[in-house]
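quick one, fold the following:
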Amino acid sequence: MSAPDIRSAARPDPDQPMVDIANYVADYTIESKEAYDTARY
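Numbers count the residues shown, from 1 in each chain. Predicted coordinates for the structure are as follows:
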């Protein structure tokens, strides 16, 4: 087994569940007036 190159800036791909959560948060559209009112209070 060889040691990883500590000078490399390469990072592994993110885990799929984390990608799914990030996409959901970034793309979700709130359409409920009640949700906006509740958040405001």
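
could you pick out the longest helix of this protein?
Across the chain, the longest stretch assigned as helix under DSSP state H is helix 16-27.

who's in contact with the helix or strand that it is followed by?
Next along the chain after helix 16-27, taking DSSP states H and E as the criterion, comes helix 33-40. Residues outside helix 33-40 that contact it (C-beta atoms under 8 Å, 6 or more residues apart in numbering): I30. For glycine as for every other residue, the C-beta is placed from the backbone atoms N, C-alpha and C.

hmm, 10 Å instead?
Contacts of helix 33-40 with the rest of the structure, by C-beta atoms under 10 Å, 6 or more residues apart in numbering, involve 30, 32.

state the mean pLDDT of it.
On average, the pLDDT along helix 33-40 is 92.

got the CA positions of that helix in CSV?
Output in CSV follows, covering the C-alpha atoms of helix 33-40 (Å, rounded to 0.1, in the frame of the first residue of the first chain):
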residue,chain,number,x,y,z
LYS,A,33,-48.1,31.6,2.3
GLU,A,34,-48.5,30.0,5.6
ALA,A,35,-44.9,28.8,5.5
TYR,A,36,-43.7,32.4,4.9
ASP,A,37,-45.9,33.8,7.6
THR,A,38,-44.7,31.2,10.1
ALA,A,39,-41.0,31.9,9.3
ARG,A,40,-41.6,35.7,9.7
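
what's the spacing between it and its chain's center?
24 Å (C-alpha atoms, centre = their mean, to the nearest Å).

now stretch 34-41
24 Å.

with D15 as the reference, measure out to the residue nearest the centre of the chain.
The C-alpha lying nearest the average C-alpha coordinate of the chain belongs to A22 (C-alpha atoms, centre = their mean; 2.3 Å). According to C-beta to C-beta, to the nearest Å, A22 stands 11 Å off from D15.
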